[in-house]
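Novice: predicted coordinates and the sequence they were generated for:
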Amino acid sequence: MIVRAFLFAALALFTLSSTSLTAGTEDRTLLALNTAEKAKVRSEMRELLVSVSEIIAALDKKNMAEVEAAARKSGMVMVGQVEVSLKERLTPEFMKLGKSVHVGFDAIADAAKTGGSQEDIIGLLAEQTNRCTTCHSAFGLQ
């Protein structure tokens with residue numbers, strides 16, 4: 001039950017944080033990217049959200065091997081899949097926050113692998129969704 005409540009809260013926060021426009025104003029740092037670069041960034045964000053969903057589903061089944069696998073695929077291994085040209089167009093602040101997200105997924109994977117409890121993983125996942133909302137509040141794509 002706790003896992004399902006967390007899933008609902010995480011998805012609600014993600015949805016709300018994705019729409020930071022109010023009355024035609026924008027208070028986020030807009031990243032000037034071309035169409036292909038925006039598509040890549042959005043695709044990566046969707047992959048991160050898939051990992052969150054898979055982690056929650058695995059926690060609901062109490063399957064820590066699945067938690068580890070779901071988290072690991074969004075860890076630092078994902079950073080190596082981004083083209084250098086795109087990385088060069090992103091701000092240092094965005095890159096720093098992005099790295100913290102990937103490191104956080106690796107922390108979830110490590111906790112699942114080393115016997116972390118369901119509560120431990122939920123706490124780490126809450127930190128992850130906070131990073132998501134922080135990023136969506138701070139940055140937008142232009």
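Specialist: Nice, thanks for sending it over.
Novice: quick one, strands of the protein?
Specialist: 29-31, 139-141 (DSSP state E).
Novice: could you identify which of the ones you listed is most buried?
Specialist: With neighbours taken as mean count of other Cβ atoms under 10 Å, the strands of the chain reach their highest mean count in strand 139-141, at a mean of 16. Where you see a C-beta, it was placed from the backbone N, CA and C, and this is true even at glycine.
Novice: which residues touch that one?
Specialist: The contact list for strand 139-141, computed with Cβ atoms under 8 Å, 6 or more residues apart in numbering, reads 20, 26, 28-31, 33, 38, 41-42, 91, 94, 97.
Novice: partners of it, with directions?
Specialist: Strand 139-141 sits in its sheet next to strand 29-31 (parallel), going by DSSP bridges.
Novice: chain center to the lengthiest helix in the chain: distance?
Specialist: Counting by DSSP state H, the longest helix found in the chain is helix 35-60. Offset of helix 35-60 from its chain centre (Cα atoms, centre = their mean, to the nearest Å): 7 Å.
Novice: what packs against it?
Specialist: helix 2-17, helix 64-72, helix 84-89, helix 92-113, helix 118-138, strand 139-141 (3 or more Cβ pairs under 8 Å, 6 or more residues apart in numbering; DSSP states H and E).
Novice: count of residues packed around the closest residue to residue 47 other than its chain neighbours?
Specialist: With sequence-adjacent residues excluded and distances taken as Cβ to Cβ, 6 or more residues apart in numbering, residue 47 is closest to residue 74, at 6.3 Å. Using other Cβ atoms under 10 Å, residue 74 is surrounded by 25 other residues.
Novice: residue 51 is in contact with residue 74, correct?
Specialist: Yes - if you go by Cβ atoms under 8 Å, residue 74 and residue 51 touch, sitting 4.0 Å apart.
Novice: what is the neighbour count of residue 27?
Specialist: The tally of other residues near residue 27 (other Cβ under 10 Å) stands at 10.
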